[in-house]
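Visitor: When you get a sec, could you give me coordinates for this:
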Amino acid sequence: MRQTMTLFLLSCLTAAAQDAPGESFEKLHAMVRSDPAETLWAQIPWMTSVSDARVRAAKEGKPLLLWAAGGGGHPLALC
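Guide: Numbering: from 1, shown residues only. Presented below is the predicted three-dimensional model:
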């Protein structure tokens, strides 16, 4: 649902930007561009093997985070 709303917003802004001069387009683009601080999660070396992650977590004395999602893999798919 959130992804659908984001795509809808982007399509509206893109349509508005097509008629806008260069400066207006840059302003619209800045509004929808993600901030690097919002994507810090992408820098984490996520593991896809639960058994390998358990071994590593035990070895490093760290907790384990399991992310399980239904409905096509998106965490908000069932909301």
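
Visitor: domains in the chain, as residue ranges please.
Guide: If you go by automatic domain parsing, the domain ranges for the chain are 1-33, 36-79.

Visitor: tell me, which of those domains is the model least confident about?
Guide: For the domains of the chain, mean pLDDT drops lowest on domain 1-33, to a mean of 67.

Visitor: Okay, helices next: where are they in the protein?
Guide: For the chain, helices defined by DSSP state H occupy the ranges 2-18, 22-32, 50-60.

Visitor: Now tell me what touches the last one from outside.
Guide: It stands for helix 50-60. Met47, Lys62, Pro63, Leu64, Leu66 (CB atoms under 8 Å, 6 or more residues apart in numbering). (C-beta placed from N, C-alpha, C; glycine too.)

Visitor: mind redoing it with 7 Å?
Guide: Met47, Pro63, Leu64 (CB atoms under 7 Å, 6 or more residues apart in numbering).

Visitor: Can you lay out these as a markdown table showing distance to Ser34?
Guide: Compiled in a markdown table, those are given as follows (distance: CB to CB, whole Å):
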| residue | distance to Ser34 |
| --- | --- |
| Met47 | 24 |
| Pro63 | 28 |
| Leu64 | 28 |
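
Visitor: By neighbour count, which of those residues wins?
Guide: Neighbour counts for the contacts of helix 50-60 (other CB atoms under 10 Å) peak at Met47, which has 15 neighbours.

Visitor: okay, now the nearest residue to that one once chain neighbours are set aside: neighbour count?
Guide: Once flanking residues are discounted, Met47 sits nearest to Ala53: 4.4 Å by CB to CB, 6 or more residues apart in numbering. Neighbour count of Ala53, defined by other CB under 10 Å: 16.

Visitor: Can you tell me how far Ala53 is from Glu60?
Guide: 11 Å (CB to CB, to the nearest Å).

Visitor: go on, Thr39?
Guide: On the measure of CB to CB, Thr39 and Glu60 end up 24 Å apart.
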